[in-house]
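Novice: no FASTA, just this:
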């Protein structure tokens, strides 16, 4: 336990640090539960300050409406949390929000996390590009979407493209669900 004074780092930064540590230590995982992030905050900072739960579920989530911060530190994948990187879905009002802590606002022992995030984690999106990163995206089982990479691989083996139905007046994820249904029933 590092026991850095919790009041010395902002709650959003504590959440980012906890999630970054979990991500770096478990690179094969697609995300972490709010309880795992909260417990890691406790391990690193000695306590869980008020507001950690709301930062994990709302204040740092890129796709949520601004309330009150514009942070976009977390990408939700179903019930799991992962670090945000450019190209992940983002609410328009958070488009210029902070994606990581400022170096001078976090304890020195966590400065290496910022370099890891820029060079390895977020850098992967720049290196491989948005389309490749999208193909590696694995939706939560409860989302109703199939694994995009598997869908892409199936498409490459198909002699013709499946017909897409236009989902009028429906949210984009319904259109993708319709695509998945067509894909499975086509052929």
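Specialist: That came in fine, so what should we check first? Since the model is a prediction, treat every value here as computed from it, not as a measurement.

Novice: per the record, what domains does this structure have?
Specialist: Following automatic domain parsing, the chain resolves into domains at 6-129, 144-185.

Novice: If you average pLDDT over each of these, which is lowest?
Specialist: Ranked by mean pLDDT, the domains of the chain end with domain 144-185 in last place, scoring a mean of 46.

Novice: any chance you could map the helices in this structure?
Specialist: Using DSSP state H, the helices of the chain run over 11-25, 34-45, 52-54, 111-116, 122-136, 148-157, 172-185.

Novice: got the buried residues for the fourth one?
Specialist: This points to helix 111-116. Using 16 or more other C-beta atoms under 10 Å as the test for burial, helix 111-116 gives 113-114, 116. Any C-beta I mention is one placed from the backbone N, CA and C, and that applies to glycine too.

Novice: Return the list of helices and strands in contact with that helix.
Specialist: When contacts are defined as 3 or more C-beta pairs under 8 Å, 6 or more residues apart in numbering; DSSP states H and E, helix 111-116 packs onto helix 11-25.

Novice: where's residue 15 relative to residue 115, distance?
Specialist: Per C-beta to C-beta, to the nearest Å, residue 15 is found 19 Å from residue 115.

Novice: What are the contacting residues of stretch 102-115?
Specialist: 2, 4, 8-10, 13, 17, 20-21, 24, 100-101 (C-beta atoms under 8 Å, 6 or more residues apart in numbering).

Novice: Using CSV, please lay out those residues together with distance to residue 85 and neighbour count.
Specialist: Below are the contacts of stretch 102-115 laid out as CSV (distance: C-beta to C-beta, whole Å; neighbours: other C-beta atoms under 10 Å):
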residue, distance to residue 85, neighbour count
2, 25, 11
4, 26, 18
8, 27, 12
9, 22, 22
10, 20, 20
13, 17, 22
17, 16, 26
20, 12, 22
21, 16, 18
24, 14, 15
100, 10, 22
101, 15, 25
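
Novice: Make TSV from these and add distance to residue 84 to it.
Specialist: Below are the contacts of stretch 102-115 laid out as TSV (distance: C-beta to C-beta, whole Å):
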residue	distance to residue 84
2	24
4	23
8	23
9	18
10	16
13	14
17	14
20	11
21	16
24	15
100	9
101	13
